[in-house]
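In: Fold the stuff below for me.
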Amino acid sequence: MSASLTGRPPQRRVRVRRRRQLLVLAIAALLALGAIETYRMAIVARQMNQGRSSLQRGQEVLETKRLDATSDELAEARRAFESAQRSFASAHAMVRRDPVMWIGGRAPVVSTQARAFNGLAEIGEEAGAIGAAGVEAADQVAQVRAEGEGTLLEKSLEALDRTRAPFDVIEQRLTTIDALREPIADDALLPPLSSAFNDFDARRDRLSRLVETYGDAERFLPAFLGFDRPKCYLVLAQNDAELLPTGGLVSVIGLLCLDRGAITTLEFTDAVEFGLDWMRATGAYQAPPAALDRYLLKGVTWNLTVSNWSPDFPTAAREAERFYSLGGGGQVDGVIGINVRTLEHLLAITGPVPVPEYDAVATTGNVFELTEKYTRDPSQPEADRKEFVALLAHNVLDRALHPRPGGWSQFLDLLQQLGEQKELLIYPHDEGQQEIVRNLGLSGEVRYDGGDFIMLVDASVNGTKLNAVVEQSLDIDARIDSAGAAHNTLTIDYFNNLAPWEAGRDPSLARKLMLGGVYGDYARLYVPPQSAIVDVRDQQGSVGLEEYGSELGLTVFGRFFTVDRDARRQLTFEYVTPPVVGVEGSSAVYRLTLRKQAGQHAMPVVLHVTPPEGMRLAGLTINGEPAGLSPDGVRFDLSIDYVIEYGIERTGA
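Out: Okay, the predicted model is just below:
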C-alpha cells in the first residue's frame, strides 16, 4: 500500500535520502571552504596592499629627501621597506601553499591570474630589498657629507665609492624583477592586478634610469674632476641676451683647472680683448661663414667671440679652442659652455651672493643687468671687463659647492635641469667621456636619428642685447601624405617687446645695450636631409631663401630679417620632407624630434598633425609618456628637447 502510494521501494528511498544528505554535506563543505578561501584571499590582498603602502612610504622619504635625508628619516624609510618585505613575503607564502589556488591554477584563466599574483608578491619582496639598498646608499652619502671639509666635487668620488655596493644590489634585484615580470602578459590580467603591475613598471623604469645615471657618473666624474690627473677646461661664458647658436656671444672666457675635485685655477679673460690682442699681434684673417660675415662681422676676421656659429656644441667647442690656441692660450682637456641663465639658476639655489668689491649683491633677478653694467662694452677698452665676472663666478661657485643643509639634492637637480635646458654644455677631448656626456644630456650635440626633425636656430647679428626682451612662439602644421612625407608649414612669431624693459631703467644703459632697438636675426631651420623648400614668407608675402644647404646630416634653410622696436613679425617656412613615417608592426608612426637651441628662452609651441586621407591618428606620446589626442593639437613650451610620436591607422581599423 505504502509502496503504491510513493511509487518507490523502501530501499531506494533510503538511497535517495543518503544522496541528498551527502549533497547537502558537500555543498556545506564547499561553502565552508569558499568562506575560508575568501577569508584567506582577503588576508593576502590586505598584505599585498600593506606591502605596496609601505613601499610607497619608504620611497616617498627617499624621493623627497634623497641625498639630504637625516638619520631619523633614513631609519623611517628602512623600517617601511622592511615592513614591505615582510608583507609581500607573507602574501607570497600563503598563495604558494593555498590548495585551492593550486587546483584552480590548472585552469588556463585562473592559472594566468595565479602566476601574476605570485609574481607580484615576489616582485614586491625584491622591491623592498631594493628600497633597503637605496637607504644604505643614502646613508653612505650622509656620512660622506658630514665628514670634514671639502667641496661637493672633492667629496664626489668618495660618495661614489661608498655607494657602489648598494647600487650593485639594486642592479641585481632589478635583473630578478625583470625575469619575474617578463612571462606575465599584461592583456590577460584582471584590472586590480593590471593596475598594480603598471605601478611597479613605472617605478622600475625610474629606478633603471637612476642606475644608468649612477653608472655614467661613476665613469665620468673621476676623470673629468681630475682624480686621475689634473685637468683644465676652457670655459665659454656666453651672453644669451645676444643669442648665437650655442647660447650667446662669447663675451668672457675662463680657464678652470681641477685636481682631485679641487679647483686649483679659475681665471677669466675678456673674450673681445683676447681676440683684439690676437688680431693686433698677427694681422691674421680667418674667413667666417658667409651669413656671419655679411650681417655681423662685415669684413672683420672670424674670432673667438663668435666662434660658435654651429648649433652643434662639439663643433663650436673645437672652433673656440682653435681660436684660443691661435691667440696664445694653452692646451686644455675640453670646453665648457655656460651663459647668464646658468648663473641665474645657480643663484636660485645659493640665494643672493654679494660682490663687496663692487658694492653689489647678485640675485636671479638682477644678475644680467649687473653683468652688463660692470663689464661695459667693446667701445670702452679701458674697462676691466673680466674682473666683475671673475669675482661673481668665484663667489657663486663657492656657495654652490659648499651646499647649505638640503643643498646636495638641489645641486644635482640643477645639473640635470641645466643639461635638459642646454644651459650647461661639456665637450671633453676623450672620446669615451664624450659618449658619457651624451648619455648625461650635457653634450649639446645635434644628431639626426630618422623621422621628422625641426630645430630653429636664431642668431642676433645686429650687436644688441635684444634677446633679453624678444618673445617668440612657434606654430607647426604637419600634413602627412600617402607616401609618408610631411608637408610642413612652420611659422615663428617674433615680438620685440622693448618698451616694458626700458621703463624705469637708466636711459644710457638702455641705449648702450639695445642701440636703436631694431632686432636683427639670422634664422636657420634644420630639417630632415633631402627636404625641399616650397616658400619662405612674412606677413607681406614671399621673401625668399638666402641659405639652402646641408650641415650635420640635415638640410638647412636660412633667412635674415629685422623686427622694429615694439613691433611684431612672422616668418613662415613651408617645405616638404622625404618619407618620415615609420612602420612598427601593423601600425605606422609619425615621430617628430623638436630640439631646443641653447640659450633660447622657453618658446610656446602649437603642433597640428594631419594624417593621410583615409587614415586617422591613433595614440600620442610625448617624450615617452602617453598623452591625449585633441583636435586643437599639442601645446607646450619648448624649454627642453621633445620627441613626439603619433600612431596612424586606417579609418575604421
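
In: what helices or strands is whichever strand or helix holds residue 90 leaning on?
Out: If you go by DSSP states H and E, residue 90 is part of helix 71-97. In this structure, helix 71-97 makes packing contacts with helix 10-65, helix 108-146, judged by 3 or more C-beta pairs under 8 Å, 6 or more residues apart in numbering; DSSP states H and E. Backbone N, C-alpha and C define where each C-beta goes, glycine included.

In: mean pLDDT for those: which is lowest?
Out: Among the helices and strands packed on helix 71-97, helix 10-65 has the lowest mean pLDDT, at a mean of 62.

In: Which of the residues in the helix holding residue 90 are classified as buried?
Out: Residues of helix 71-97 classed as buried: 73-74, 76-78, 80-92, 94-95 (neighbour count, 16 or more other C-beta atoms under 10 Å).

In: quick one: that helix to helix 108-146, angle?
Out: In terms of direction (axes from the mean of the first three to the mean of the last three C-alpha atoms, to 10 degrees), helix 71-97 departs from helix 108-146 by 160 degrees.

In: Okay, now the unreliable bits of the chain?
Out: The chain contains residues with pLDDT under 70 at 1-45, 95-114, 185-193, 376-386, 405-406, 584-586, 652-653.

In: mind listing the strands for the stretch 301-450 of the chain?
Out: Assigned by DSSP state E, counting those that start in this stretch, the strands in the stretch 301-450 of the chain fall at 334-339, 353-355, 360-362, 424-428.

In: what distance separates the longest one from the centre of its chain?
Out: The chain centroid and the centroid of strand 334-339 are separated by 19 Å, computed with C-alpha atoms, centre = their mean, to the nearest Å.

In: what's near enough to touch the residue nearest to the spatial centre of the chain?
Out: By C-alpha atoms, centre = their mean, the chain has its centre lying nearest to residue 420, at 4.5 Å. Shown in contact with residue 420 (C-beta atoms under 8 Å, 6 or more residues apart in numbering): 441, 639-641.

In: what comes into contact with stretch 430-437?
Out: 216, 219-220, 223-224, 314, 333-334, 426-428, 443.

In: ok, now stretch 610-626?
Out: With C-beta under 8 Å, 6+ apart as the criterion, stretch 610-626 contacts 477-482, 587-588, 590, 609, 627-629, 634, 636, 642-651, 653.

In: So for that stretch, first residue to last residue, what's the gap.
Out: For stretch 610-626, the first-to-last residue distance is 19 Å (C-alpha to C-alpha, to the nearest Å).

In: what do you get for stretch 250-266?
Out: 17 Å.

In: same check, this time on stretch 508-519
Out: 18 Å.

In: What residues of that stretch count as buried?
Out: 510, 512-514, 517-519.

In: Domains in this structure, by residue range?
Out: The record's domain parsing of the chain by automatic domain parsing lists 10-224, 231-439, 452-650.

In: from the chain's centre, how far out does the shortest one sit?
Out: This means domain 452-650. Put simply, domain 452-650 sits 20 Å off its chain's centre (C-alpha atoms, centre = their mean).

In: what distance separates the start and the end of stretch 257-275?
Out: End-to-end for stretch 257-275, by C-alpha to C-alpha: 22 Å.

In: May I see the buried residues of that stretch?
Out: Within stretch 257-275, the residues that count as buried by 16+ other C-beta under 10 Å are 257-261, 263, 266, 268-275.

In: Between the two ends of stretch 446-453, what distance do you get?
Out: End-to-end distance (C-alpha to C-alpha), stretch 446-453: 11 Å.

In: what's the helix or strand that residue 572 is a member of packed up against?
Out: According to DSSP H and E, residue 572 maps onto strand 568-579. Using 3+ C-beta pairs under 8 Å, 6+ apart, the elements in contact with strand 568-579 are strand 485-496, strand 519-527, strand 532-538, strand 554-563.

In: can I get these in JSON lines with distance to residue 580?
Out: Formatted as JSON lines, the helices and strands packed on strand 568-579 follow (distance: least, C-beta to C-beta, whole Å):
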{"stretch": "strand 485-496", "distance to residue 580": "5"}
{"stretch": "strand 519-527", "distance to residue 580": "10"}
{"stretch": "strand 532-538", "distance to residue 580": "13"}
{"stretch": "strand 554-563", "distance to residue 580": "12"}
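
In: and the ones you listed, which is most packed in?
Out: Sort the helices and strands packed on strand 568-579 by mean neighbour count, taking mean count of other C-beta atoms under 10 Å, and strand 519-527 sits at the top with a mean of 23.

In: ok, that one: who's next to it in the sheet?
Out: strand 452-460 (antiparallel), strand 554-563 (antiparallel) (DSSP bridges).

In: Ok, which of those strands comes nearest residue 116?
Out: Among the strands paired with strand 519-527, strand 452-460 comes nearest to residue 116, with 39.0 Å by C-beta to C-beta.

In: by how many degrees do the closest one and strand 568-579 diverge?
Out: Using the same axes, to 10 degrees, strand 452-460 lies at 150 degrees relative to strand 568-579.

In: Output the contacting helices and strands for the next helix-or-strand element following strand 452-460.
Out: Next helix or strand after strand 452-460 toward the C-terminus (DSSP H and E): strand 470-480. Where contact means 3+ C-beta pairs under 8 Å, 6+ apart, strand 470-480 is packed against strand 452-460, strand 485-496, strand 587-595, strand 603-610.
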